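S.K.: sequence below, structure please.
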Amino acid sequence: MGLVGGTIGGIATAVSTWLNLAVAGNLGAGMAQLTFGQLGVVMLSGGVISAAAYLVKSPRPSSKDDTTPPFPAK
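M.R.: I've put the predicted structure just below:
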């Protein structure tokens, strides 16, 4: 899925949560509605958390210029 896909998935989750809150509010469930500013914060945090979770599973490889051997030469 990749880093970008994970970030988009986190943002999509935030948007679906926002839509579910709107539907629940229209059905009289007494749920608070999110403003667009609050939605932006939730989308940003969802994207960051998903990106961080991806990087924990698949960290970036070291640069190709790194010529330090993993163990000292004998």
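S.K.: from here on, contacts and neighbour counts on C-alpha atoms
M.R.: Noted.
S.K.: the residue nearest to Met43 when sequence neighbours are not counted - how many residues pack around it?
M.R.: Excluding the flanking residues, the one nearest Met43 by C-alpha to C-alpha, 6 or more residues apart in numbering is Ile11, at 4.7 Å. Neighbour count for Ile11, taken as other C-alpha atoms under 10 Å: 23.
S.K.: what about the helices in this structure?
M.R.: Assigned by DSSP state H, the helices in the chain fall at 2-26, 36-57.
S.K.: make CSV out of the ones you listed and add mean pLDDT.
M.R.: Formatted as CSV, these follow (pLDDT from 0 to 100):
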stretch, mean pLDDT
helix 2-26, 86
helix 36-57, 87
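S.K.: quick check: the nearest residue to Thr13 once chain neighbours are set aside vs Gly28, distance?
M.R.: Nearest residue to Thr13, sequence neighbours excluded (C-alpha to C-alpha, 6+ apart): Gly46, at 7.4 Å. In this view, Gly46 and Gly28 are 27 Å apart by C-alpha to C-alpha, to the nearest Å.
S.K.: who has more neighbours, these two?
M.R.: Neighbours around Gly46 and Gly28, counted as other C-alpha under 10 Å, are more numerous at Gly46. The numbers are 22 against 8.
S.K.: so who does that one touch?
M.R.: By C-alpha atoms under 8 Å, 6 or more residues apart in numbering, the contact set of Gly46 is 7, 10-11, 13-14.
S.K.: which two of those residues have the greatest separation?
M.R.: Among the contacts of Gly46, the pair separated by the greatest distance (C-alpha to C-alpha) is Thr7 and Ala14, at 10.9 Å.
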